[in-house]
Structure formats: structure tokens, C-alpha cells
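**Q** A predicted structure for the sequence below; I have some questions about it.
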Amino acid sequence: MDLSPIQKDILITLITLYHQSSHSIKGEEIADVLKRNPGTVRNQMQALKALGLVDGVPGPKGGYSPTARAYKELNLGDLEHQSEVPIFRDGEKVKGVRVAELDFTTLCHPDLCHAMVRIIGSVKLFRVGDMVSIGPTPVNKLLVRGEVYGMDENLQALLISVAEMISLPKQAIKHYMSTPLLTLPVSATLRDAVHLFNLHRIHGAPVIGDNGDLAGIVTLSDIARALDEGLSMDAPVAQIMTPDVVMVPSSIRLYELVRRFKEREIGRLIVVEDGKPVGIVTQTDIIRVFPSL
């Protein structure tokens, strides 16, 4: 069956969005990804429906879903049991696109490393010069970054000049966290906190309540701000601490924390086991493991 380029783009985008959301997809959603007129997409959907490649789901929450024939037509196989490998542009995940294959076309050249990235989605969403980041891959946790220098619409592939490759650590965060955990009691003063920070050359510490639970966190910046506002060194840390502490289980893997640091704009995370704080991870700890992040 010969599909037009726009029909292939629509069908691939439908399949990708369908597996991301697990529900039927509206024509407007596909049009938004492809930067096409919604009417054009709806017209093509009728043609794809007539070919048996999509099913229409009626109702306000309806839309379209791909048929088994669509997967066969595009040689996509069974996507349901495949891990999603995302692709990012300028730090933002590209909606409606996932990476299917990553082939290195040059590895032995002393100055160049090129790769062909086959995607499920439309290559028309990209432009030459785009800086992209691929991964991490499901098995080896490989992260690849580079610049798009070409596109192959027949293969639905991006050609990139690889700038860097990183194999992210697979071990749990407990192997990288700082221990023993240096803490302050809830009754501690700013003077106590400054003494602890200077003694151990740290910039923050969790505050522990009388019951042993985490009550908050106080940093050197908090203390400087408090003194600037006129508080004395004898003021309790409980007065200036941040009660909303970001906690993570000790089983989480290190590479999974990077986005949390960026999203919350924080400098440290508290590691817990059975609800009790056991360690701390800072941005410095992460940079020490893989500095390019």
C-alpha cells in the first residue's frame, strides 16, 4: 500500500501519541505536533480509516486509534512492550517522537562521530542545526547529544554530529550519597548551624524533630538571609528552615535525580529508608560522578 508522505507522518504521530497516553487521539493533537491545519489532518484521517489503518472513536472524548494493520504497514512491530527512548531539543522533550534505532556511522575518524537516529514520528519537526539529546537508553543508560546536520524522510531518520556520549551510572543513590548524615536538632540555633557547617565544610543540613522524623532543612543561604533581616545568632533554626524537603528513596538511581534538581531548583536532596533520613545528595555529588550534566 502506497501512503503519501503526509499520511505516513500522521499515522506515525498517531501511533506515538497513542502509546504515550494510552487513549484515543484527537486530530487536533496530531495537527499541533505536525504544525498542520486540523482540517487537513481530519481529511487524511478519513482516508486512513477507509484503508483500515485507523479506527474512529466517537463521543466528546473520542478520537482515533491505530489498527494492527497500521503497525504492519509501517514495519513498527509491537510497540506496546518496548521501552520509550525520548529525544529532547533545547532541554524540552519533543512531543510525538520516540527513538527507534541509533546507529553510529563513523566511530574511527579522529575528529568526527556521526550517527543516524531512526525515529517514530515526523522528521519534519526538526531542522538542521537543532541541538538534540537522546536517551537514556533502557539497557546501557546511554545518553547521546549532538547537532542535526541532515534528515532522511524515507527512513524517518535524523543525521547528527555527536558532541558527547555519557553512560549514566546504574547504581542506586545509596552508593553515592554522603554518610553519615550530619543533622541539626529542631532545638538548634543559628549559631549551632554555623558551627556545624564550618566544622564539616558543608552548606546545609536536615533538621530532625524530637520523634526522629525529618522536620525541615536549613542552608547557609537561609542563615545569611535571616541575619540580613535582623535575626540573632540565638534564633532557632526551626524559625528559618524550609519544611518542604525533597526526599528520595535510597533505591532510586542517580541519573533519575538530575531532572528533580532542575525542576525544583534545589541544591540537595535527602535520602530516606523506611521513612527515616539516612543520607544527603547534593549537586556537587552529581557533578562529581558525571560532570557534563
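**A** Happy to help now that I have it. Numbers count the residues shown, from 1 in each chain.

**Q** show me where the stretch 51-200 of the chain dips below the pLDDT cut-off.
**A** Scanning the stretch 51-200 of the chain for pLDDT under 70 picks out 76-82.

**Q** where do the strands sit along the stretch 101-250 of the chain?
**A** Secondary structure of the stretch 101-250 of the chain by DSSP state E, counting those that start in this stretch: the strands cover 114-120, 131-134, 142-152, 157-167, 184-185, 204-208, 214-219, 247-249.

**Q** so what strands line up beside the second one?
**A** Put plainly, it is strand 131-134. strand 87-89 (antiparallel), strand 142-152 (antiparallel) (DSSP bridges).

**Q** relative to Arg36, which of the ones you listed is closest?
**A** strand 142-152 (17.5 Å; CB to CB). All C-beta spots, glycine's among them, are computed from the backbone N, C-alpha and C.

**Q** alpha carbons of that closest one, as PDB, please.
**A** Listed in PDB are the C-alpha atoms of strand 142-152, where the atom choice follows Å, rounded to 0.1, in the frame of the first residue of the first chain:
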ATOM      1  CA  LEU A 142      23.400   5.800  27.200                       C
ATOM      2  CA  LEU A 143      22.800   9.500  26.700                       C
ATOM      3  CA  VAL A 144      23.800  11.000  23.300                       C
ATOM      4  CA  ARG A 145      23.900  14.700  22.500                       C
ATOM      5  CA  GLY A 146      24.600  16.300  19.100                       C
ATOM      6  CA  GLU A 147      23.600  18.600  16.300                       C
ATOM      7  CA  VAL A 148      21.300  17.700  13.500                       C
ATOM      8  CA  TYR A 149      23.100  18.100  10.100                       C
ATOM      9  CA  GLY A 150      20.600  16.300   7.900                       C
ATOM     10  CA  MET A 151      17.400  14.300   7.600                       C
ATOM     11  CA  ASP A 152      16.300  11.200   5.700                       C
END
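
**Q** could you check the angle it makes with strand 114-120?
**A** 80 degrees (axes from the mean of the first three to the mean of the last three CA atoms, to 10 degrees).

**Q** got a list of contacts for strand 142-152?
**A** 102, 114-116, 123-124, 126-136, 157-168 (CB atoms under 8 Å, 6 or more residues apart in numbering).

**Q** now stretch 59-67
**A** Stretch 59-67 is touched from outside by 11, 14-15, 18, 23-27, 29, 45, 49, 52-57, with contacts defined as CB under 8 Å, 6+ apart.

**Q** tell me the buried residues in it?
**A** The neighbour-count check on stretch 59-67 (16 or more other CB atoms under 10 Å) flags 63-67 as buried.

**Q** now the strands of the stretch 101-250 of the chain as CSV including mean neighbour count?
**A** Formatted as CSV, the strands of the stretch 101-250 of the chain follow (neighbours: other CB atoms under 10 Å):
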stretch, mean neighbour count
strand 114-120, 20
strand 131-134, 19
strand 142-152, 17
strand 157-167, 18
strand 184-185, 18
strand 204-208, 22
strand 214-219, 22
strand 247-249, 15
